[in-house]
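Student: I'll drop the sequence and a predicted model, then ask my questions.
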Amino acid sequence: MSPLAVVSPPTKWHHVSHVIDRKGPFCEDDFEGGQEVKSFLESCKVLVVGAGGLGCEILKNLALSGFRDIHASGMDWINDGHHLSLYAYRQANVGRPKALVAAEFIMKRITGVTVTPFYGKIQDKDEDYYRQFHIIVCGLDSISARRWMNATLVNMVDEDDPESVKPMIDGGTEGFKGQARVILPTLTSCYECSLDMFNKPTSFPICTIANTPRLPEHCIEWASVLEWPRVMGEEKYDTDNPEHIQWLYETALKRAQQFSIQGVTYSLTQGVVKNIIPAIASTNAIIAAACCNEAFKIATRSAPFLNNYMMYNGNDGVYTYTFEHQKKPDCPVCGIETINMTIRHSETLQEFIERLQNEPSIKLQNPVCAPPLKPCICKPRKP
């Protein structure tokens with residue numbers, strides 16, 4: 001019998017080496033490969049904003065793709081119930097910050113990777129904090145948080161310093177649909193350029209939810225908008241508090257039974273009061289993989305990265321398509337053109353502010369930049 005060859009066991013990132021060891025047919029022209037690329041991948045500092053269903057998948061994929069220095073940012077803590085369905089969270093971690101638990105889980109399972117957690121709002125950090133990163137990956141469920149992150153990165157750009165451009169990779173999911181996009185601040189269309197693609201959240205007339213409810217959503221809105229303040233007074237309900245959600249669900253269910261309306265569920269109650277669509281694990285996995293693939297390509301230049309938008313639809317099959325979302329010259333964040341607005345003679349200041357908030361091409365979150373209000377989302381670019 002011929003002796004068997006002794007084969008050294010593959011390293012944890014052996015599959016990554018196959019991609020970046022040598023130049024391939026899809027590499028960028030200036031790609032050299034080898035140890036220099038490996039060293040940069042190991043030292044590349046990546047920030048993942050959001051540590052929920054999508055953020056956890058992104059953290060795991062980045063760690064398995066060869067990134068060694070990862071930071072996780074999140075302001076939520078783990079609730080008993082639906083949060084425990086996420087792979088990193090267990091019953092013993094209820095009440096702890098998501099970012100901290102996710103970081104511990106990744107480092108326990110994948111040795112050689114450092115995940116530094118930050119528990120708090122992204123607005124709590126200044127521009128110096130974000131300058132340390134090479135790539136920012138967002139796995140958020142909040143449009144306002146994405147807008148703030150986008151505006152901050154655009155404002156950080158110094159035209160004389162190419163390293164001031166921090167690529168932002170944004171992922172998002174809604175049920176069986178999702179999207180991944182690459183944003184190069186001031187160079188490609190930014191998040192603000194695409195606000196007109198988002199539908200205005202559904203709202204229901206008070207008269208309908210109070211007198212003639214016809215849908216399960218009407219009953220839930222009645223419970224949260226009218227019944228909660230009547231019973232609880234000035235106490236505000238917390239959309240992350242399972243006891244509050246349970247009260248709203250039970251109250252809405254009784255209302256629905258009175259009007260012979262079916263369809264009020266706990267998950268629907270969550271979706272209505274939090275304006276969210278329940279996450280689908282498979283969609284999160286697909287979008288997280290797409291985001292991490294773009295981060296890997298940007299860091300290694302082993303293939304051209306996305307230009308600049310990928311949509312996924314899994315409702316009736318598996319369908320994806322890509323397109324380039326055009327940069328808007330009059331974008332209030334990254335644009336260089338001014339926006340002219342006509343003021344009606346009878347228009348009050350409050351009406352004008354509401355128009356700034358609702359205008360599809362502007363949608364300012366807080367047009368009045370004066371204490372005690374927070375600064376508006378549209379940060380002017382540096383000259």
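Tutor: Cool, the structure landed.
Student: longest helix of this structure?
Tutor: Ranked by residue count under DSSP state H, the longest helix found in the chain is helix 281-300.
Student: could I get that helix in CSV with only the CA atoms?
Tutor: In CSV, the C-alpha atoms belonging to helix 281-300 read as follows (Å, rounded to 0.1, in the frame of the first residue of the first chain):
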residue,chain,number,x,y,z
ALA,A,281,-34.3,34.6,8.4
SER,A,282,-33.6,33.5,4.8
THR,A,283,-34.0,37.1,3.6
ASN,A,284,-31.6,38.3,6.3
ALA,A,285,-29.1,35.7,5.3
ILE,A,286,-29.2,36.6,1.6
ILE,A,287,-28.9,40.4,2.2
ALA,A,288,-26.1,39.9,4.8
ALA,A,289,-24.2,37.8,2.3
ALA,A,290,-24.5,40.4,-0.4
CYS,A,291,-23.4,43.2,2.0
CYS,A,292,-20.3,41.2,3.2
ASN,A,293,-19.5,40.3,-0.4
GLU,A,294,-19.3,44.0,-1.2
ALA,A,295,-17.2,44.7,1.9
PHE,A,296,-14.8,41.9,0.9
LYS,A,297,-14.5,43.2,-2.7
ILE,A,298,-13.9,46.8,-1.5
ALA,A,299,-11.2,45.7,1.0
THR,A,300,-9.3,43.3,-1.4
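Student: How far away from the center of its chain is it?
Tutor: 13 Å (Cα atoms, centre = their mean, to the nearest Å).
Student: Summarise which helices and strands the following helix or strand past it is packed against.
Tutor: Using DSSP states H and E, the helix or strand that directly follows helix 281-300 along the chain is strand 309-313. Packed against strand 309-313 by the contact rule (3 or more Cβ pairs under 8 Å, 6 or more residues apart in numbering; DSSP states H and E) you find strand 177-183, helix 281-300, strand 319-323. (Each C-beta comes from the backbone N, C-alpha and C, glycine too.)
Student: If we go by neighbour counts, what in strand 309-313 is buried?
Tutor: For strand 309-313, a neighbour-count test (16 or more other Cβ atoms under 10 Å) marks 309, 310, 312, 313 as buried.
Student: likewise stretch 152-171?
Tutor: Buried positions in stretch 152-171, judged by neighbour count with 16+ other Cβ under 10 Å: 152-157, 164-171.
Student: which one of the helices and strands packed on strand 309-313 has the most crowded surroundings?
Tutor: The highest mean neighbour count among the helices and strands packed on strand 309-313, using mean count of other Cβ atoms under 10 Å, belongs to strand 177-183: a mean of 24.
Student: partners of that one in the sheet?
Tutor: According to DSSP bridges, strand 177-183 forms sheet pairs with strand 168-174 (antiparallel), strand 309-313 (antiparallel).
Student: and the helix or strand just after that strand, how far from the chain's centre?
Tutor: Moving toward the C-terminus from strand 177-183, the next helix or strand (DSSP H and E) is helix 206-211. Distance of helix 206-211 from its chain centroid, counting by Cα atoms, centre = their mean, is 34 Å.
Student: Where does pLDDT dip in the protein?
Tutor: The model of the chain has pLDDT under 70 over residues 1-10, 79-87, 199-203, 276-278, 337-339, 360-383.
Student: Next, the contact list for the residue positioned nearest the centre of it, please.
Tutor: In the chain, the centroid-proximal residue (Cα atoms, centre = their mean) is residue 140; its distance is 2.1 Å. With contacts defined as Cβ atoms under 8 Å, 6 or more residues apart in numbering, residue 140 is in contact with 49, 50, 55, 146, 149, 170, 172.
Student: quick one: the helices in the protein?
Tutor: Using DSSP H, helices in the chain cover 14-20, 35-43, 53-64, 98-109, 127-131, 143-156, 206-211, 216-221, 228-232, 242-258, 266-274, 281-300, 349-358.
Student: Compare these and give me the one nearest residue 187.
Tutor: Closest to residue 187 of these, according to Cβ to Cβ: helix 143-156, at 10.1 Å.
Student: In the buried residues of stretch 152-171, find the pair that's most separated.
Tutor: Pairwise across these, and taking Cβ to Cβ, the largest span is found between 164 and 171, at 23.4 Å.
Student: will you turn the strands paired with strand 177-183 into a markdown table that also has distance to residue 182?
Tutor: Converted to a markdown table, the strands paired with strand 177-183 look like this (distance: least, Cβ to Cβ, whole Å):
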| stretch | distance to residue 182 |
| --- | --- |
| strand 168-174 | 6 |
| strand 309-313 | 8 |
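Student: Relative to residue 253, which of those strands is closest?
Tutor: Proximity to residue 253 (Cβ to Cβ) singles out strand 168-174 among the strands paired with strand 177-183, at 25.2 Å.
Student: For burial, what's the neighbour tally of the closest residue to residue 314 other than its chain neighbours?
Tutor: Excluding the flanking residues, the one nearest residue 314 by Cβ to Cβ, 6 or more residues apart in numbering is residue 176, at 4.0 Å. Residues within reach of residue 176, counting by other Cβ atoms under 10 Å, total 17.
Student: if we can go back for a sec, for the helices of the chain, which one sits closest to residue 78?
Tutor: Per Cβ to Cβ, nearest to residue 78 of the helices of the chain: helix 98-109, 5.8 Å.
Student: Tell me who's in contact with residue 304.
Tutor: Contacts of residue 304 by Cβ under 8 Å, 6+ apart are 26, 28, 297.
Student: quick one on the thing from earlier: please convert the helices and strands packed on strand 309-313 to a markdown table, extending it with distance to residue 224.
Tutor: Compiled in a markdown table, the helices and strands packed on strand 309-313 are given as follows (distance: least, Cβ to Cβ, whole Å):
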| stretch | distance to residue 224 |
| --- | --- |
| strand 177-183 | 26 |
| helix 281-300 | 27 |
| strand 319-323 | 35 |
